[in-house]
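Asker: For reference, the sequence and a predicted model appear below.
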Amino acid sequence: MTQTKNKPHKGRTAQTVKTRRHRLHVPPGSTTTFTPTAMSQAMVDRLFWRAGFGPGAADRAAWTGKSLDDAVDSLLNTPQGALAGPDPNVDGKPLDPNGNDTDLVLAWVDRMVRAPNPLVERMTFFWHRHWANSRAAVSPTQLMETQNALLRTYGDMAANPDVSFSTMANQVSKDPSMLRYLNGESNVKGGPNENYGRELMELFTLGVTHVITGAKNYSENDVAQLAKSLTGWLINDKDPDNVTASFDSSRWFNGPKSLFGTLGNYNTDTALDLVLSQDGHAPYIVDKLWSEFMPTPPPTATLTQLAADYTASGRKLKPLVRSILTNPQLFESIDEPNMIKPPVVFVGGTLRALGLGISSAGPATYLDSMGQLPYFPPTVAGWEGGLSWLNTNTALARFGFVADAIANAPNGSPAKVIDIPSETPGAAFDRAYGAIGSPWMSVGTRAAIQDYSTRASAKASKDRIARQVMLRTLMLAGPDAQVM
Amino acid sequence: MTIQSEIQALKCADCARSDSAVSDLRPDSLLPIPADALSGWQDGRPGSDGVTRRKLLRNGVLGFAAVYGATQLSFEEVWEAAVAQAAEPMQKSIVVIYLNGGNDGLNCFVPTSAPEFAKYQTLRPTIARSLGDGVGGKVGTTIMNNTGGTLAFSNKLVSGTGADRNGDVIGFDTLYGDGTGGVGSDLAIIPAADYNPPNRSHFESRDYWFAGALSQLQTGWLGRWLDTYGSQVNPLQAVSLDSSLSKQIRSATAPVCALEGLQNVGFGVPGVTADVNSEVGKLAAVPFGATNAALGRSRNMMGLTVDVANRLSTLSNVAPGPGYPPNSGLSQKLQLAATLLSAGMGTRVITIDWGSFDTHGDQLAGQDPQLSTLSRSLAAFKADLAARGVEQNVITMVFSEFGRRLEESDSAGTDHGSGGPIMLSGSAVKGGLAGEHPGVNVNQDGDLVVKTDFRTVYQALISEWLGGDPNAILPGGPFDGIHRYDGGTTLTKAA
C-alpha cells in the first residue's frame, strides 16, 4: 500500500499530457467531442456520477445542452437543503443511530439517497475517507456524529463558501473523535503518544514523500517534535450528548521544539500552520482530492498549477473542487465509463435509480460485504479504492444487493415489479431499462440482455415477474453498472 | 452487525492496515484445488496417461487459489507439476507468520538481571511483567533455560492453567524445552531483531522485512528465492493464506498463489430459477476498450466469479486438527497450512498475516490474549504436522515489523520502537536463545539498541534450510552470523 500511496508521479512527461488531451477530443470509438459549453447527456451523466450518486431524470433535463461551468457552479452553490421523501426505517421502526451502529450507518446512507444536492454528501464522505476515524475504536457514538457534522460543514460549500483546509485541519485536530481515535487525549507532556502526530503528516497533510519530487517530507525527529507540540488536549465525555475537548496547558509540552528545522514553542495551532506551509502539502491534498473524481492522476503541469492556486487562495476548498470538476480530464473515455464506483456510490446510486429509501438493514450489511462500511474504515488510511474495489467476493456482494433490492422491493414502492401479461421480450427490456433510470450500457451488454429477454420463459405470471426482476438486476448489477 | 474483529479493537487503528498484501498486482487466473490433491491422492495418482482436468475434478474441488506470475500455465501443466512433486520426497518448507502492527518483544521475553529488570519495571509502571509468579495483578514470568537466567518468558506464552498462563498444556515453554537445541528443544528465540537505523513507519519497516532489504523492492525475499531455486510451473509452491498475495512471496517469474479459504460462490437472484451465473458470464464476456482498466476489471472479476461457481461441484471443509485454540483466525489458517503441506503438492512456502499488535494503548488487553493464542497455536500446529508425518520438513518463523519503545506511553501502551522478536519453531530448529538480547539498553531516541540484523536470520534459513546462496537473494550481504547464547552459530540442528 505504501508503494501505491506514496509513489511520486514519475514518468508524467509532456508527451503523456499531450496524448491524453488528444484522446479527450477524439476518444477512441467516440461519437462525441468534448463541448463544455453544451454538454451531451453522457457528460451530464458523468458529472453527476463523479460528483454525486448518478443522474436523475431532472438532472439530465436541466443540464443536457447546457454549460459545464454552470452545472458545477450549481452543485457548488446549492445548499444541501431538506432531505426529500419518507424518513428511513428498519422493518417499520425509526433509526436509532446512537443505540445501534447499523442504524448509524443507515442514517448516513439515507442522506446520500435523499439529499437534494448530492455533492455535499460526496464531499463529506471524501473527508471521512481522508480523516478516517472508525467507530470500532471511537466511543461514544456521538463522537462520530459530531465529527460527521463537522466534516459536512466543509462538504456544504454553498452554506460555507470560504472554508479552507487550514481551518478544517485545525478543527479536526481538536475534535474529540480524532483525539480519541489516534490517542491525542493520551498525548501529554512527559508521555508523548506519537500516533496522531505521525498520521497527521503521513496521511492527512503531507504524505511520506513529496508527490512530485519524491523527496522526504519529514523526518522521524519531526514526528517526535510534532507529537510534543500537539500535547495538552483532554476529552470530557461525562455527558455523551455533549462531549467536548479542552486544552489543559498543564498537559502541554511547554518548551522549545525543533520542527522542520525551525525552533519554536509550538502548540497545536502553530504546529499545524507550519505543517501546512510545507512544500509537500498542496500537491498532496490536490492529488488526493483529484483522485476522488478521476481514475488517472493529474498531469504534473496541472497538479502544479492547481497546487499553486490552492496555496494562493489560502487553501480554500471551493475553488479547488471547481477546478477539478471543470477539468476536461473528468470526461475522458466519455463513451465508456472508466472508473469503478466506490461501494457507497454504487449503493446510493442504485437506491436513487430505483426510487427506494432505507427500509431494512440490507444496505449496511451489503456495504460491509462490498468492503466500505461508512464510519468503519478498515484503517486510518481510509479505503484503498480504485480497481481493488472489485474482487470475486465484492462482485457477489454488489450483485446480491441489487438483486435483493429489486426482488424484495416493498409493496407500493416504485421499484416493486408488477406483471404485464402480454408484454413482449422487447417491451419487457424497455420497461426494465426505463425503470432503473436508463443508465449507460455498452452495445454488447444491451444485445446480451435483450437476448436473455427473448429466451426467458413468459408463460406464467411468476415467470414474467422473474424475467423483469432478472432484466433489471442484470442492468443494475452487471459489469457495466460497476463503472461511472 | 458483525464487524468486530477476533481481537478486541485497540485504540490505534494503524495495525489493521499493516498487512502484507500486494495491492498493485492482479492474479492471472484461478486454480481449482481438487479434493484428490488435498486428501493426499487417496484415489491413487493419475496414471501415465497424464493428469486430465476431468480426472482431477471428478471428486470435487475444495477451493481456488489465485495464481500470480503464471499466465502461460495451463491447469494440466500445473497439476502435472504438482503430481510429479507429490511423487518425490517432501522438500524442506517454511511457514512465515507475520504479526501485524509491531509486536512488543520486551513483554514477551523479559530481561531478569536486577538492574535491567528494575529499569524495565520503572519505565513500565502499568504494563511490566513481574518476576516469578504474577504479583499484584501483573503477569508473571518463567525463566528460559540455558540463558544463564538472564531472560524469562512472559507467562502468557507459557503452558499451564494459572491465571496468567496460556491455559493449555502446550506452549512456548514446551516447544523450547531445555534451550540447548538438542532433542525436544525445538523453539529458537531471537529476542530482538531489526536493522540500522531502525524505521518506525509501519509501511516502510514491514516492506523492508518482506523484501529482505532496506528498500521497498518489487519482489519479496522468498519470491526471489523461488525465482532462483523454486519451480517455474507450480504456483502451489508458495501460498499466501489470504485474499491477496503477500509481498514476501511476490516473485519476478516463479508462479505463486493466494488461497483465502474454501468456500462456495455463485450469483443468484431471489425468485429467479434461470441460470443466473450463465447470464452474468455472457455479460462478462462482452469486449471492452483496451485502455479501460476499470471496465476490464469489472468484466474480468464477474467472469472469474462465474468461472469459480461453475467449477465448484463438491465442497468440503478442512477437518480441525487437535489442540488448536478455538475461534481463532490463526488456528484456521494453520490448519489449512497443515493440510496443504501434507497434501504433497510441492508447497514450500506459506505466508500468514495475523493479529493486531499495534498496542499504543491498553497493551495488556490487546497483546496478552494474542500471545496466549500464538503460543498455543504454534504448539498445536507442530503437533498437527507431526501427526501428518511432515513435521520434520517444516520450520515456522514468526516476526513483526518492529518492536516497541522501552518506556510505556501514558495510555498504558507503547509507541513504535525497534527490535521485534523472531521465533522459529520445528523439530529441525536448534532451540534456545539464538540472538543477543539488548536488555534495556536504549539509544537517544528511546529505541532498544539491537544487535541482530533480521537478515542474518533469513541468511541462515536459506543457507541451512531452504538451500541456495543467500548472497544471490539478499542484497547487501553477507551478513553477520547467528550468535547463540551458548556460543553456537546455527539455527538448525542438522547444520
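Answerer: Alright, I've got the coordinates.
Asker: which phi and psi does the closest residue to B:E391 other than its chain neighbours have?
Answerer: Nearest residue to B:E391 in three dimensions, chain neighbours excluded: B:L385, at 3.8 Å (Cβ to Cβ, 6 or more residues apart in numbering or on different chains). All C-beta spots, glycine's among them, are computed from the backbone N, C-alpha and C. Dihedral pair for B:L385: phi -60, psi -40, per degrees, to the nearest 10.
Asker: list the contacts for B:L385?
Answerer: B:L385 is in contact with B:A338, B:L341, B:S342, B:E391, B:V394, counting by Cβ atoms under 8 Å, 6 or more residues apart in numbering or on different chains.
Asker: ditto for B:P325
Answerer: When contacts are counted by Cβ under 8 Å, 6+ apart, B:P325 touches B:D168, B:S331, B:S372, B:T373, B:R376, B:S377, B:A380.
Asker: Most neighbours of all those residues, which one?
Answerer: When neighbours are taken as other Cβ atoms under 10 Å in any protein chain shown, the top entry among the contacts of B:P325 is B:S377 (30 neighbours).
Asker: The closest residue to that residue other than its chain neighbours: which element?
Answerer: Computed as Cβ to Cβ, 6+ apart, the closest residue to B:S377 that is not its neighbour in sequence is B:L330, at 4.9 Å. Using DSSP states H and E, B:L330 maps to helix B:329-342.
Asker: From B:H202, how far off is the residue nearest to B:S377?
Answerer: Counting by Cβ to Cβ, to the nearest Å, the separation of B:L330 from B:H202 is 20 Å.
Asker: Please apply the same query to A:R129.
Answerer: 19 Å.
Asker: how about low-confidence regions in chain A?
Answerer: Along chain A, segments meeting pLDDT under 70 span A:1-33, A:392.
Asker: redo that, cut-off 80
Answerer: For chain A, the stretches flagged by pLDDT under 80 are A:1-34, A:391-393.
Asker: Just give me the residue closest to the centre of it.
Answerer: Nearest to the geometric centre of chain A sits A:F126, at 4.1 Å (Cα atoms, centre = their mean).
Asker: what's the distance between it and A:I285?
Answerer: Distance, A:F126 to A:I285, using Cβ to Cβ: 11 Å.
Asker: do A:V417 as well
Answerer: Where A:I285 is concerned, A:V417 sits at a distance of 46 Å (Cβ to Cβ).
Asker: Please identify which of the two sits among more neighbours.
Answerer: The neighbour comparison of A:V417 against A:I285 (other Cβ under 10 Å) goes to A:I285, with 25 against 21.
Asker: doesn't A:T205 make contact with that one?
Answerer: Yes. A:I285 lies in contact with A:T205 (Cβ atoms under 8 Å); the separation is 7.2 Å.
Asker: and stretch A:380-393, how far apart are its ends?
Answerer: Terminal residues of stretch A:380-393 are spaced 23 Å apart (Cα to Cα, to the nearest Å).
Asker: if I pick the residue lying closest to B:L241 once chain neighbours are set aside, what's in contact with it?
Answerer: In this structure, B:L241 finds its nearest non-sequential neighbour in B:K333, 4.6 Å apart by Cβ to Cβ, 6+ apart. Contacts of B:K333 were listed using Cβ under 8 Å, 6+ apart, and they are B:L241, B:I352, B:W354.
Asker: Closest one to A:Q225 out of the residues you listed, please.
Answerer: Nearest to A:Q225 among the contacts of B:K333 is B:W354, at 34.1 Å by Cβ to Cβ.
Asker: Who does that closest one form a beta bridge with?
Answerer: Counting by DSSP bridges, B:W354 is bridged to B:L99.
Asker: what about the residue in chain A that chain B sits nearest to, how many residues close to it?
Answerer: Taking Cβ to the nearest Cβ as the measure, chain A has A:T379 as its residue closest to chain B, at 3.0 Å. If you count neighbours by other Cβ under 10 Å, A:T379 ends up with 19.
Asker: That one against A:A136, yeah?
Answerer: No. With contact defined as Cβ under 8 Å, A:T379 does not count as touching A:A136 (10.7 Å).
Asker: Enumerate the residues of the stretch 51-200 of chain A near chain B.
Answerer: Neighbours of chain B within the stretch 51-200 of chain A, by Cβ under 8 Å from any Cβ of the partner chain: A:101-102, A:105, A:132, A:134, A:136-137, A:180-183, A:186-188, A:190-195, A:198-199.
Asker: Mind checking which of those land in helices?
Answerer: Residues of those located in helices (DSSP state H): A:D101, A:T102, A:V105, A:R180, A:Y181, A:N195, A:R198, A:E199.
Asker: residue boundaries of the strands in the stretch 151-300 of chain A?
Answerer: A:233-236, A:244-247, A:257-259, A:262-264 (DSSP state E, counting those that start in this stretch).
Asker: Tell me which of the ones you listed approaches B:L245 most closely.
Answerer: Closest of the strands of the stretch 151-300 of chain A to B:L245 is strand A:257-259, at 39.0 Å (criterion: Cβ to Cβ).
Asker: Direction included, what does that closest one pair up with?
Answerer: Using DSSP bridges, the strands paired with strand A:257-259 are strand A:262-264 (antiparallel).
Asker: Get me the contact residues on the stretch 101-250 of chain B for chain A.
Answerer: Residues of the stretch 101-250 of chain B lying close to chain A by Cβ under 8 Å from any Cβ are B:N199, B:R200, B:S201, B:F203, B:E204, B:D207, B:Q216, B:S243.
Asker: and with 7 Å instead?
Answerer: Neighbours of chain A within the stretch 101-250 of chain B, by Cβ under 7 Å from any Cβ of the partner chain: B:R200, B:S201, B:F203, B:E204, B:D207, B:Q216, B:S243.
Asker: Can I get the buried part of these as one ChimeraX selection?
Answerer: ChimeraX command restricting those to the buried ones, with burial defined by 16 or more other Cβ atoms under 10 Å in any protein chain shown:
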select /B:200,201,203,204,207,216
